[in-house]
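Just a sequence and a predicted model for now, questions to come.
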Amino acid sequence: MFETCMNAKEFMEGFKGKWMVAGGWAIDLHIGEETREHEDIEIVVFREDLQKLSEHLQGWKTYVTEDAQLVEWDLSQPFDSRIHEIHARHEEEQLEFLLNFREKNKWKFRRDENITFPLDHMNLHSAQGIPYLNPEIALLYKSKNTREKDDNDFNYVFPFLNERQKEWLKQALIQHSPTHPWLEKLLY
């Protein structure tokens, strides 16, 4: 179970910055079981750790998304602040890195910098010791262009969220996406 996440953990062990699993895998790690198949694995890193990531990905081909296309990119080159994904490939291995913002002791939501979270509490650890993004933050990211799998992730993890997590997600959605259908369940 969680072989993909364990492989990512093993690969990231030498990385000198903070990292954590994101997306659907973060939801499953929080629940403690794989609830669906995953196309890829996403890993959160902070923008200021790009140099460390570049060093860690020596020998990997790296790409960024520009105009919905993957474009090969040398991570030592300057980054436009609009770029928030790095795709890395090496032989059969593929990882996606999501660049996040932080300021002092707070994580900042890139789509609305008024939405923050204490940096010290933005991730948890699975029973296997894998750091993962708090599910309420993962769900906030999933609230944009919500697909069926995102709705399923929300419904699977909802019973595993404590009241603080539900309240934070509710307030973040009210601020960022006040008509989102998940609010119906979070408001009652």
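Perfect, I can see it now.

Could I get the full set of strands for the chain?
Using DSSP state E, the strands of the chain run over 19-21, 42-46, 61-66, 69-72, 85-90, 93-103, 106-108, 116-118, 123-125, 131-133.

Tabulate these (a markdown table), appending distance to P181 and mean neighbour count.
Any C-beta I mention is one placed from the backbone N, CA and C, and that applies to glycine too. Shown next, in a markdown table, are these (distance: least, CB to CB, whole Å; neighbours: other CB atoms under 10 Å):
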| stretch | distance to P181 | mean neighbour count |
| --- | --- | --- |
| strand 19-21 | 26 | 25 |
| strand 42-46 | 23 | 22 |
| strand 61-66 | 27 | 16 |
| strand 69-72 | 31 | 10 |
| strand 85-90 | 26 | 17 |
| strand 93-103 | 24 | 17 |
| strand 106-108 | 25 | 18 |
| strand 116-118 | 23 | 16 |
| strand 123-125 | 26 | 16 |
| strand 131-133 | 22 | 24 |
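
out of those, nearest to T146?
strand 42-46 (16.4 Å; CB to CB).

what pLDDT, on average, does that closest one get?
The average pLDDT within strand 42-46 is 97.

still on that earlier bit, nearest to Q171, of the strands of the chain?
So among the strands of the chain, strand 116-118 is nearest, using CB to CB, at 11.1 Å.

Tell me which other helices or strands that closest one touches.
Strand 116-118 is packed against strand 106-108, with contacts defined by 3 or more CB pairs under 8 Å, 6 or more residues apart in numbering; DSSP states H and E.

Just give me the residue right at the centre of this structure.
A22 (3.0 Å; CA atoms, centre = their mean).

mind listing what it touches?
42-44, 98, 132-133, 138, 141 (CB atoms under 8 Å, 6 or more residues apart in numbering).

cool, and H125?
So, once contact is read as CB under 8 Å, 6+ apart, H125 ends up touching 131-132.

measure it to T179 for me?
34 Å (CB to CB, to the nearest Å).

cool, D49 as well?
35 Å.

between these two, who's got more neighbours?
D49 (20 against 7; other CB atoms under 10 Å).

what about the residue nearest to the more buried one when sequence neighbours are not counted, how many neighbours?
Nearest-residue entry for D49: G17, 3.3 Å, with adjacent residues in sequence omitted and distances by CB to CB, 6 or more residues apart in numbering. By the measure other CB under 10 Å, the count of residues near G17 is 14.

what's the answer for N152, then?
Residues near N152, counting by other CB under 10 Å: 14.

How about the contacts made by the nearest residue to it once chain neighbours are set aside?
Of all residues not flanking N152 in the chain, R36 sits nearest, at 6.7 Å (CB to CB, 6+ apart). Listed by CB under 8 Å, 6+ apart, the contact partners of R36 are 24, 28, 149, 152-153.
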